[in-house]
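A.B. asks: Fold the following, please.
(2 chains)
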Amino acid sequence: NAGVMQNPRHLVRRRGQEARLRCSPMKGHSHVYWYRQLPEEGLKFMVYLQKENIIDESGMPKERFSAEFPKEGPSILRIQQVVRGDSAAYFCASSPSTDGRGEKLFFGSGTQLSVL
Amino acid sequence: GEDVEQSLFLSVREGDSSVINCTYTDSSSTYLYWYKQEPGAGLQLLTYIFSNMDMKQDQRLTVLLNKKDKHLSLRIADTQTGDSAIYFCAEISPGDYKLSFGAGTTVTVRA
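C.D. replies: From the prediction side, this is the model:
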């Protein structure tokens, strides 16, 4: 049973380009959470999705950021027109139920986004 | 949960005990967690404690919770080189699904 898979591991973009980060949850998990870790800060919640639904996007910047979790395929976090301040590690986690408590969450290895 | 604070670095000699400290501000926190992140890997849940407990022990790991002071600690006995990693403290409030994390403590084990 593969864990939460994120790709790419490292992504380099120039300012103004688009970044697409992918997350495949663990098998049987239908709940996905995205967290962002800025340098020397803790992980911060961004968005919570279930299949085809955004449940809570309160932690996501209102502009340039979007997330989806289609019926088929991975969850995608999309950042348009990236700026240097978007440089961070983006972590995805999945859970089998609506209970996102830590002991039921499984994290991926993260995508390190670097904006030049 | 909002603010979770940790010291950023800890250096410990192999075989000694490590103690990593964390403070939090949300008095309604119900679960408090310790995660470990090794280089290039995701966060691995090490242990957790429910807010009505004072202590939890799991092999080399001991978690102490002081609710009055909102202070959480993780003690690693007989620290090994494989314990070198970043350790994150996190908490969650009742009915919530958003974890609040500290910035992580980088533990370096020296021979």
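
A.B. asks: Closest approach to chain A from chain B, which residue is it?
C.D. replies: Closest contact between chain B and chain A, by C-beta to the nearest C-beta, is at B:Y97 (2.9 Å). C-beta: built from backbone N, CA, C; applies to glycine.

A.B. asks: Quick check, pLDDT for residue 73.
C.D. replies: I'll assume chain A. For A:G73, the model assigns a pLDDT of 93.

A.B. asks: ah, I was thinking of chain B
C.D. replies: Looking at B:S73, its pLDDT stands at 96.

A.B. asks: Could I get the buried residue list for the host helix or strand of it?
C.D. replies: Using DSSP states H and E, B:S73 sits in strand B:71-76. Under the neighbour-count criterion of 16 or more other C-beta atoms under 10 Å in any protein chain shown, strand B:71-76 has B:72-76 buried.

A.B. asks: Pull up the pairing partners for the helix or strand following it, direction included.
C.D. replies: Sequence-wise, the next helix or strand downstream of strand B:71-76 (DSSP H and E) is strand B:85-92. Applying DSSP bridges to the sheet, strand B:85-92 is found paired with strand B:31-37 (antiparallel), strand B:100-101 (antiparallel), strand B:105-110 (antiparallel).

A.B. asks: Which positions in chain B make contact with chain A?
C.D. replies: Residues of chain B lying close to chain A by C-beta under 8 Å from any C-beta of the partner chain are B:4, B:8, B:31, B:33, B:35, B:40-45, B:48, B:88, B:90, B:92, B:96-104.

A.B. asks: now the strand holding B:S73 and strand B:31-37, what's the angle there?
C.D. replies: If you take axes from the mean of the first three to the mean of the last three C-alpha atoms, to 10 degrees, strand B:71-76 sits at 40 degrees to strand B:31-37.

A.B. asks: Tell me the neighbouring strands of strand B:71-76, and mark each as parallel or antiparallel.
C.D. replies: Applying DSSP bridges, strand B:71-76 is found paired with strand B:18-24 (antiparallel), strand B:61-66 (antiparallel).
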